[in-house]
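Test case, fold it:
(one chain, ligands or ions: 1)
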Amino acid sequence: MRITKLSAEPFDLPLIEPFIIATGRKDAANNVLVRVELEDGTVGFGEVAPSPYTTGDTQATSIAAINHLRSVVEGRDVESWRTLLVDTRKALRHQFAAHSGVEIAVLDAWGKMAGVSLHQFFGGVKTEVETDYTLSLGTPEETAKSAAKAVKQGFNKIKIKVGMTVAVDFARVKAVHEVCPDADLALDANQGFSPKDAVELARRIEKAGIELSLLEQPVRRDDLAGMRYVREHCGFLVGADETVFTPEDAIRVVREEAADVINIKVAKAGLVGALDIAGIARAANISLMIGCMMESKIGLAASVHLACGLGCFTHCDLDSVYLLQPFECEGGYHQVGPVFSVEGVGAGTGIIYQP
Ligand SMILES: [Mg+2]
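Purely as a prediction, here's the structure:
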């Protein structure tokens, strides 16, 4: 079945409240809606959630990148999606988020055409995943207040953005633990610490008797030695997020023994890269996390299907939809509190969007 059209348009979504992390502040998600149309009229939807400081792309560069890929994609056979998606990567280096949006739309179109739901295509291991809820940077009081609100809403797992100072972040973690002592706590520094400061923070937390399920990206993305130092000097699992975009990056983490967990995001690796990274991590006994950028339901559905289909993610951070103002869009998954279910969802990602 031939792909007749690939298109991309701005998709701006307001946030419920500003989202602040060590590398920047966001007030709205300036995303891109991607459509792949087949000759029988089937439409596949994808979404790009660009992040200038993480994936290195913006809404404008993503639209330009996807327009650049039109000549590679249009006229091609969707059944040979793997060959096609190797060619798109060859035709344009980098632009990770743009590639991911195209891959989601192509596989959604393929699934809809074939009558196969993507979670079944990826393996059909589970039909449900439970996400954590992420807290922005802020004062200890603000962070504790947001944590209490999240727990009240039904979240059992809380991820706290850190990377301010060791003293302030320790006070924030302690404040969260005090208001929700039963919640599973993880930290994400978004490259915000030196290796020594990351270890200092971890030690203070350990000494206070607080358990962390993960310390994510404590140091700069390219500092694999620093990451390994943190891993060897603290009692918590250390995760690589910004360090791993590609399967080659995952191999470097394995070789350098730099992390216990790799955070796969479709916005970084695309769906094809995500499958390869999952294979590498599993073979190397590295645990897997699935994360997201600021995708709406349209993009997030692909990650939910991947997480359910592979069923191998020990940490799940797919909470962007709780941070964005909701809008009309059907299918993809069912959402009950922190749990996403793909039970009974239609073919592809199941997303049906008519703006
Ligand atoms: Mg992260």
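
wouldn't Met227 be in contact with Val219 here?
Yes. With contact defined as Cβ atoms under 8 Å, Met227 reaches Val219; the gap is 5.6 Å. To be clear about C-beta, it is placed using only N, CA and C from the backbone, and glycine gets the same treatment.

and for these two, which residues touch both?
Pro195 (Cβ atoms under 8 Å, 6 or more residues apart in numbering).

residue ranges for the helices of the stretch 101-250 of the chain, please.
Assigned by DSSP state H, counting those that start in this stretch, the stretch 101-250 of the chain shows helices spanning 118-121, 140-152, 166-179, 195-207, 224-233, 247-256.

and the stretch 201-350 of the chain, which of its residues are near the ion?
When proximity is defined as Cβ under 5 Å from the ion, the stretch 201-350 of the chain approaches the ion at Glu216, Asp241.

what residues does whichever strand or helix holds Val86 touch?
Using DSSP states H and E, the element containing Val86 is helix 81-91. Residues outside helix 81-91 that contact it (Cβ under 8 Å, 6+ apart): 68-69, 72-73, 76-78, 99, 102-103, 106-107, 110, 270, 272.

Pull out the buried members of the residues you listed.
Buried subset of the contacts of helix 81-91 (neighbour count, 16 or more other Cβ atoms under 10 Å): 69, 72-73, 76, 78, 99, 102-103, 106-107, 110, 270, 272.

Val151 is in contact with Ala144, isn't it?
No. Using Cβ under 8 Å, Val151 is not in contact with Ala144, being 10.6 Å away.

Comparing those two, which residue is more hemmed in?
A count of neighbours by other Cβ atoms under 10 Å puts Ala144 above the other of Val151 and Ala144, at 22 against 18.

Against Thr42, how distant is that one?
Distance of Ala144 to Thr42, given as Cβ to Cβ, to the nearest Å: 48 Å.

Now do the contacts for Asp12.
Asp12 neighbours (Cβ under 8 Å, 6+ apart): Ala28, Ala29, Asn30, Asn31, Gln59.

Count the neighbours of the first one for me.
With neighbours defined by other Cβ under 10 Å, the count for Ala28 comes to 14.

partners of whichever strand or helix holds it, with directions?
Under the criterion of DSSP H and E, Ala28 resides in strand 24-38. If you go by DSSP bridges, strand 24-38 pairs up with strand 3-21 (antiparallel), strand 43-48 (antiparallel).

just the strands in the stretch 251-355 of the chain please.
In the stretch 251-355 of the chain, the segments counted as strands under DSSP state E, counting those that start in this stretch are 261-265, 287-291, 313-316, 334-336, 339-341.

Can you add mean pLDDT and mean neighbour count and give those back as TSV?
As requested, the strands of the stretch 251-355 of the chain are exported to TSV (pLDDT from 0 to 100; neighbours: other Cβ atoms under 10 Å):
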stretch	mean pLDDT	mean neighbour count
strand 261-265	98	26
strand 287-291	98	23
strand 313-316	98	20
strand 334-336	96	14
strand 339-341	98	19
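
could you dump these to a markdown table with distance to Ala49?
As requested, the strands of the stretch 251-355 of the chain are exported to a markdown table (distance: least, Cβ to Cβ, whole Å):
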| stretch | distance to Ala49 |
| --- | --- |
| strand 261-265 | 9 |
| strand 287-291 | 11 |
| strand 313-316 | 17 |
| strand 334-336 | 18 |
| strand 339-341 | 17 |
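
nearest to Thr4, of those strands?
The closest of these to Thr4 is strand 261-265. By Cβ to Cβ, the value is 29.7 Å.

any idea of the angle the helix holding Val86 forms with strand 3-21?
Here helix 81-91 points in a direction 70 degrees away from that of strand 3-21 (axes from the mean of the first three to the mean of the last three Cα atoms, to 10 degrees).
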